[in-house]
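**Q** Generate a structure from the sequence data that follows.
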Amino acid sequence: MRFVIPFLAIAVLSGCTEYFAVEIASLAVTDKTLGDHVVSVVSGKDCSLVRSESGLSYCVEDEVKIAPAVHCYRTLGEVDCYRQRHPESDRYREVGLNDHNHPSMN
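**A** Below is the predicted model of the structure:
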């Protein structure tokens, strides 16, 4: 909503009501400006100024994912996670990609 009032004021004052009406509608419905739609199509990414204003990266695909530095192994009845690989890692297989595990650092 904080985006609507400034755009509406500019539209009324400048006489470009059609453009700004489409801009506001686009922003209200998709959380993207018309420029965001162009950038998204050209880059093949999902980009939005609304994301940028909320402290995230401009494009979803550019968001930094921090991989946890844990190594998880299935044990009797649970999954145990450690900061270092198991010394006998050739005998034990790690569970998944480890980005879904909640390490209980042992």
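
**Q** C-terminal to the worst-scoring helix or strand of the chain on mean pLDDT, what's the next element?
**A** None of the helices or strands of the chain scores lower by mean pLDDT, DSSP states H and E than helix 4-14, at a mean of 60. Moving toward the C-terminus from helix 4-14, the first helix or strand encountered (DSSP states H and E) is helix 17-30.

**Q** average pLDDT for that following helix?
**A** Averaging the model's pLDDT scores along helix 17-30 yields 82.

**Q** what comes up buried for it?
**A** 20, 23-24, 26-27 (16 or more other CB atoms under 10 Å). All C-beta spots, glycine's among them, are computed from the backbone N, C-alpha and C.

**Q** Export those residues as JSON lines, with columns for distance to Val70.
**A** What follows is the buried residues of helix 17-30, written out as JSON lines (distance: CB to CB, whole Å):
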{"residue": "Phe20", "distance to Val70": "50"}
{"residue": "Glu23", "distance to Val70": "45"}
{"residue": "Ile24", "distance to Val70": "46"}
{"residue": "Ser26", "distance to Val70": "42"}
{"residue": "Leu27", "distance to Val70": "40"}
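
**Q** Going by residue numbers, what spans are strands in this protein?
**A** Counting by DSSP state E, the chain forms strands over residues 71-75, 78-82, given from the N-terminal end onward.
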